[in-house]
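Enquirer: sequence first, then the predicted structure, then my questions.
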Amino acid sequence: MQGTRSEIPRPRLISVVVPCFNEEEVLSQTLLELEAFAASLTDYEAEFIFVDDGSQDGTFAILQEAARKNASYRVLSFARNFGHQIAVTAGIDAASGAAVALIDADLQDPPEVLTEMIHHWEAGVDVVYAVRASRDGESAFKISTARWFYRLLNKLSETPIPLDTGDFRLMDRKVVDVLKQMPERHRFVRGLVAWVGYRQMALPYHRKKRAAGVSKYPLRKMLRFATDGILSFSSKPLQIATNMGLFAAFLALIGIIYAIVLRVMTNTWVEGWTALMIAVLFLGGVQLISLGIIGEYIGRIYEESKHRPLYIVRDRIGFDANTSPVSSEKSIHEVS
Ligand code: UDP
Ligand code: MG
């Protein structure tokens, strides 16, 4: 059939990117499952790119030892914790496969789903993203906030971003090559992939509970991540600030008319401290919120304009000496 992957001559290599932050409890189990997945591949070879995102525990030692024994393992170790989305980005930059998969280190995303993703990719789909049809072992708070977040994001975003989707996905090389040209630092990878386009499809799966260890996404990181998602894909918050200002002005107008009518009809003035305080605080609130929203965008412009490297790699294991694990633009700054 015209256009199917099997006709395209390129290395039959699938890269699997695994971001790891303090995952020593779960890693040995994950490595076993990933090996079982690699062994199940008949037509492809797999390379695994583990990105140690500045772990403080034994994660790096485990990966280092595993990479010594397994030629398909590559390890990038960051100089400090740069965050999940940056870790995923570094893995994508370093991947050399015809298709690149992203998977969490905690086995919440079952590696066997990758096999199904590969089938769809072979049939010509460029991005197969996994959608959480059901999920185990996560708090009602996390599930409901995530649900609301994705719906809000879609209302605000100019790019439609699939609902209930994480980073678990398989992407064709051409999508990866476009992603590598997107240097923004407040990265919301699932949104960036949606923005790229091409042929994308959703694959429903059951998200398991973490096999071991605890979540590395405390509330603070989750909020940052959600803000990045919204601010990177929408300028509507700025319109909301304008609308709040218009609403405050409208209320002021009603107040003025009310005061004049009262004066003309009853020859009295609106009394008091309460009305004044409410007006002052309301206006102060609207102004500060609007400034805050503007500030968030300006802060991002400032950070982008500094052109710092996205990440700093401390150790690199299992890569060819002459293949750089980071895109050329970033490798200028890289410390290795
Ligand atoms: N992770 C990372 N850097 C961070 C936080 C998380 O690389 O700063 C990795 C983590 O090791 C895991 C994935 O990102 O492989 C998802 O994190 P986690 O499972 O803790 O998030 P949750 O599933 O609870 O949302
Ligand atoms: Mg998890």
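Expert: Ah, there it is. Ligands and ions are numbered 1, 2, ... in the order given.
Enquirer: CA only for contacts and neighbour counts going forward, please
Expert: Will do.
Enquirer: can you show me the helices along the stretch 101-250 of the chain?
Expert: 112-122, 140-156, 173-179, 189-196, 219-233, 236-266 (DSSP state H, counting those that start in this stretch).
Enquirer: quick one: buried residues of the fourth one?
Expert: This points to helix 189-196. For helix 189-196, the neighbour count (16 or more other CA atoms under 10 Å) marks 189, 190, 191, 192, 193, 194 as buried.
Enquirer: what is the nearest of these to ligand 1?
Expert: Distances from ligand 1 to the buried residues of helix 189-196, taken as CA to the nearest ligand atom, are shortest for residue 189 (12.3 Å).
Enquirer: show the pLDDT at that closest one.
Expert: Looking at residue 189, its pLDDT is 93.
Enquirer: sec struct for the spatially closest residue to it that is not a sequence neighbour, please.
Expert: Distances taken as CA to CA, 6 or more residues apart in numbering place residue 85 nearest to residue 189, at 6.4 Å, with adjacent residues excluded. When classified by DSSP: H, G, I helix; E, B strand; the rest coil, residue 85 comes out as helix.
Enquirer: residue 85 - how many residues pack around it?
Expert: Neighbours of residue 85 under the rule other CA atoms under 10 Å: 18.
Enquirer: any idea how far residue 270 is from it?
Expert: 55 Å (CA to CA, to the nearest Å).
Enquirer: with residue 253 instead?
Expert: Taking CA to CA, one finds residue 253 at 14 Å from residue 270.
Enquirer: keeping just the C-alphas, turn stretch 288-306 into PDB.
Expert: Below are the C-alpha coordinates for stretch 288-306, written out as PDB (Å, rounded to 0.1, in the frame of the first residue of the first chain):
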ATOM      1  CA  LEU A 288      -3.400  43.300  41.000                       C
ATOM      2  CA  ILE A 289      -4.800  40.200  39.300                       C
ATOM      3  CA  SER A 290      -4.400  41.900  35.900                       C
ATOM      4  CA  LEU A 291      -0.900  42.900  36.700                       C
ATOM      5  CA  GLY A 292      -0.100  39.300  37.800                       C
ATOM      6  CA  ILE A 293      -1.400  37.900  34.500                       C
ATOM      7  CA  ILE A 294       0.600  40.400  32.500                       C
ATOM      8  CA  GLY A 295       3.600  39.600  34.800                       C
ATOM      9  CA  GLU A 296       3.400  35.900  34.100                       C
ATOM     10  CA  TYR A 297       3.700  36.600  30.300                       C
ATOM     11  CA  ILE A 298       6.500  39.100  30.800                       C
ATOM     12  CA  GLY A 299       8.400  36.800  33.000                       C
ATOM     13  CA  ARG A 300       8.200  34.200  30.300                       C
ATOM     14  CA  ILE A 301       9.400  36.600  27.600                       C
ATOM     15  CA  TYR A 302      12.300  37.500  29.900                       C
ATOM     16  CA  GLU A 303      13.300  33.900  30.400                       C
ATOM     17  CA  GLU A 304      13.100  33.100  26.700                       C
ATOM     18  CA  SER A 305      15.200  36.100  25.900                       C
ATOM     19  CA  LYS A 306      18.100  34.900  28.200                       C
END
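Enquirer: show me what contacts residue 187?
Expert: Contact analysis of residue 187 by CA atoms under 8 Å, 6 or more residues apart in numbering lists 85, 86, 228, 229, 232.
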